[in-house]
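Q: give me coordinates for this.
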Amino acid sequence: MIKKILFFLYINSFFRCCIYILTIGSLYDKKFRKEIPFYRYFKKRKNYKKDTLKVIYQPKIFIINFPYSTKNIIKKIYNYEGLYQDNEYTNDGHKKIYQSPHNLNQDKKFKNISLTLENFINNKIIKFFSYKKLKLIRMWFVITKNFGNMKKHSHFNSDLSAVFYLRVDKNVDYKSGLKIHNTMKNIEIYNYSNKRKLFQKTINKKKSFIIKPKKNDLIILNSYIEHSVVNKNSKIVDRISLPFDLVF
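A: Okay, here's the model as predicted:
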């Protein structure tokens, strides 16, 4: 019954009411508190139509291996003028993480990769949503040192968020990856098969799970999905990724 009430309120954009109900419910059952960030995200966005809310209510993660030569882009990252200089993202509560400013898509050195990623994603996944196009609005690089971690967060200023992995550990036993916090316990996972040229769908109902990316993996998810990063027992010095945000 609670789920039906929350969904009715959600579809009609009464996100504040959802948060209020869950806050009261959490006094009796702590599990309700875990769902609050989902509705808090929509309360901050405020601009979705009812048809869109129906489509994006079901959380989705897409995993695609993106055929792109990473050598030059990694070189550009290490040659980046502001590399390892403090910026507004330095003290975000993360550990052994360096983030560049979030405007690389406006830098001419990174313009080509940003446009290529935008076009590639539009060709692959736009059919899953009720819009004609996605636009990449911000992009940055992240260098994660061994035993580095990024705290749990979501991206409030976009519709979809993504990360392209340029360098990762080849050791399959390493305890590292993108940790997904599965608040609604019903995330659809779409793995793209290059051989079959189609997405293979599964549903994950665990409260949290780790996606261990391979080199050139591109992971795309609803921006409201909370996620964190762990990097333990890695045999490489730096793990390098290129996160970015998109809007409909």
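
Q: what residues does the longest helix along the chain touch?
A: Identified as the longest helix of the chain according to DSSP state H is helix 111-125. Contacts to helix 111-125, defined as C-beta atoms under 8 Å, 6 or more residues apart in numbering, come from residues 62, 64, 66, 68, 73, 104-105, 133-136, 139, 162, 164, 190, 192, 218, 220, 242, 244, 246. The C-beta positions use only the backbone N, C-alpha and C, and glycine is treated the same way.

Q: for stretch 196-208, same thing?
A: 62, 179-182, 185-193.

Q: 6 Å instead?
A: For stretch 196-208, contacts defined as C-beta atoms under 6 Å, 6 or more residues apart in numbering pick out 181-182, 185, 187-193.

Q: now the phi/psi pair for the spatially most distant residue from the centre of the chain, please.
A: Farthest-out residue of the chain from its mean C-alpha position, per C-alpha atoms, centre = their mean: Y28, at 31.2 Å. Phi and psi for Y28, reported as degrees, to the nearest 10, are phi -110, psi -30.

Q: how far away is it from Y20?
A: To Y20, Y28 is 14 Å away according to C-beta to C-beta, to the nearest Å.

Q: for the chain, longest strand please?
A: Taking DSSP state E as the criterion, the chain has its longest strand at strand 142-153.

Q: what's that strand packed up against?
A: On a contact count with 3 or more C-beta pairs under 6 Å, 6 or more residues apart in numbering; DSSP states H and E, strand 142-153 meets strand 95-99, strand 226-232, strand 238-247.

Q: report how many residues lie close to the nearest residue to V55 once chain neighbours are set aside.
A: Closest residue to V55 apart from its sequence neighbours, by C-beta to C-beta, 6 or more residues apart in numbering: S130 at 4.9 Å. Counted with other C-beta atoms under 10 Å, the neighbours of S130 add up to 12.

Q: tell me which residues of stretch 32-39 are tucked away?
A: Across stretch 32-39, burial judged by 16 or more other C-beta atoms under 10 Å covers 32, 34-39.

Q: can you give me the end-to-end distance of that stretch?
A: End-to-end distance of stretch 32-39: 12 Å, with C-alpha to C-alpha, to the nearest Å as the criterion.

Q: any chance you could list what contacts that stretch?
A: For stretch 32-39, the external contacting residues (C-beta under 6 Å, 6+ apart) are 15, 18-19, 22, 25-26, 183, 224, 226.
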